[in-house]
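# I'll drop the sequence and a predicted model, then ask my questions.
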Amino acid sequence: MPRQANTQLSRQILVLSALLWATTALAQDADKAADSENPDHPWGPLALLEGAWTGAIAGKLGTGKGVRRYEFILGGKFLMSRHISVRLPQEASPEGDEHEELGVFSYDSVRETIVLREFMGEGVVVRSICSIDDMTVVCESEAVESGPGIRARLTLTIPDRFHFKEDYEIAWTEDQELQQYFSNEWTRAPRPAGWD
């Protein structure tokens, strides 16, 4: 076989291999997404959050930008999120603000419900019980460490695997009504090279 034809055949094999790999990866992603949209999926719409996100932050302290990543850990038994947001100096926060947070969703088999634990850079830990209704997840606090009397409610509205909205309500005392504290819009971040 002439050398030029051999080189061309090698290129075609490489292109076909790459297409096959890409098709398989896309099919697996589609299966995963379809599986997570199944109402019987143990994580419900939360499974759609796996991956990296960029966010527009808006609330009582002003506006800013955020990054977040969700990943299943310890054999898929927990869904962990890491979050950092920054607000530049503005009227609502003259000195600016940076917030860091670690969240862990787990499944409580005794209560048959999903539990969220949020560990905040300010030293506060919130444990919430979550309920799922279609593509909305509502997490109501049941215990707050280092924040006596505080109550919180997190609502995640997840229309698809590319966007979600996050609303957080807080009551600073036991007799106060929950009030909107922030409302963030999240968009899935592009996959960087070498993503696994």
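Right, received. Where do you want to start? Numbering: from 1, shown residues only.

# domain parsing of the protein, as residue ranges.
Described in terms of automatic domain parsing, the domain architecture of the chain consists of the residue ranges 1-36, 46-188.

# mean confidence for the longest one?
Looking at domain 46-188 alone, the average pLDDT works out to 93.

# what's the first-to-last distance across it?
Distance between the two ends of domain 46-188: 14 Å, counting by CA to CA, to the nearest Å.

# who does whichever strand or helix holds Ile114 pair up with?
For Ile114, the enclosing helix or strand under DSSP states H and E is strand 113-120. Using DSSP bridges, strand 113-120 pairs in its sheet with strand 97-108 (antiparallel), strand 125-133 (antiparallel).

# next one: the first one to chain centre, how far?
This points to strand 97-108. Relative to its parent chain, strand 97-108 has a centroid offset of 10 Å by CA atoms, centre = their mean, to the nearest Å.

# please list the outside residues in contact with that strand.
The set of residues that contact strand 97-108 without belonging to it, under CB atoms under 8 Å, 6 or more residues apart in numbering, is 42-43, 46, 61-62, 64, 77-87, 113-122, 130. Every C-beta, even on glycine, is put in place using the N, C-alpha and C of the backbone.
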